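Asker: okay, structure incoming, though there's no sequence with it:
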């Protein structure tokens, strides 16, 4: 089965998750590696990134393929993601740029890279898309 038919066959939660996580990954990568920190563009896109990451975390609650019908270990990333997003926003509003940076890096590494790595395990959608 091709790429689009496999995605079309997934639940609404998976589709919404993909609609938020893919742009969050691209935007987060750009913000961390390439953007001029503190610029107006960085601030606006950082806010968009936080919204995307929070939406990504919340949509994950509807994905129950690992341990149906309950939650699984990967769902521990939901409060970690939301907590990191809150901490990053709180810190930057208080002028604590060091804490903001650590929270944003943690959000990217934990919420996208580590949690995302779980999607490439056998049986999961990303594994099927990449390896058939």
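Answerer: Perfect, I can see it now. Here the structure is a predicted model, which is why all the values come from computation and not from measurement.
Asker: now stretch 62-74: mean pLDDT?
Answerer: What stretch 62-74 shows for mean pLDDT is 90.
Asker: helices of the chain, residue ranges please.
Answerer: Assigned by DSSP state H, the helices in the chain fall at 3-8, 12-33, 40-60, 77-93, 97-106, 115-118, 125-131.
Asker: can you redo those helices as TSV with mean neighbour count and distance to residue 69?
Answerer: Where C-beta positions appear, they are placed from N, C-alpha and C, glycine not excepted. Converted to TSV, the helices of the chain look like this (neighbours: other CB atoms under 10 Å; distance: least, CB to CB, whole Å):
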stretch	mean neighbour count	distance to residue 69
helix 3-8	10	22
helix 12-33	16	13
helix 40-60	18	15
helix 77-93	17	16
helix 97-106	16	30
helix 115-118	15	19
helix 125-131	13	18
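Asker: ok, residue 21 - contacts?
Answerer: 52, 56, 112, 116 (CB atoms under 8 Å, 6 or more residues apart in numbering).
Asker: for the residues you listed, which one is nearest residue 99?
Answerer: Taking CB to CB as the measure, residue 99 sits nearest to residue 112 out of those, at 19.4 Å.
Asker: about what we covered before: got the helices of the chain as TSV, with distance to residue 66 columns?
Answerer: Converted to TSV, these look like this (distance: least, CB to CB, whole Å):
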stretch	distance to residue 66
helix 3-8	18
helix 12-33	12
helix 40-60	11
helix 77-93	12
helix 97-106	23
helix 115-118	9
helix 125-131	12
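Asker: need the contact list for residue 58.
Answerer: By CB under 8 Å, 6+ apart, residue 58 lies in contact with residue 78.
Asker: confidence-wise, which of the contacts of residue 21 comes last?
Answerer: residue 116 (93).
Asker: my read: it touches residue 28, true?
Answerer: No: counting by CB atoms under 8 Å, residue 116 stays clear of residue 28, with 10.8 Å between them.
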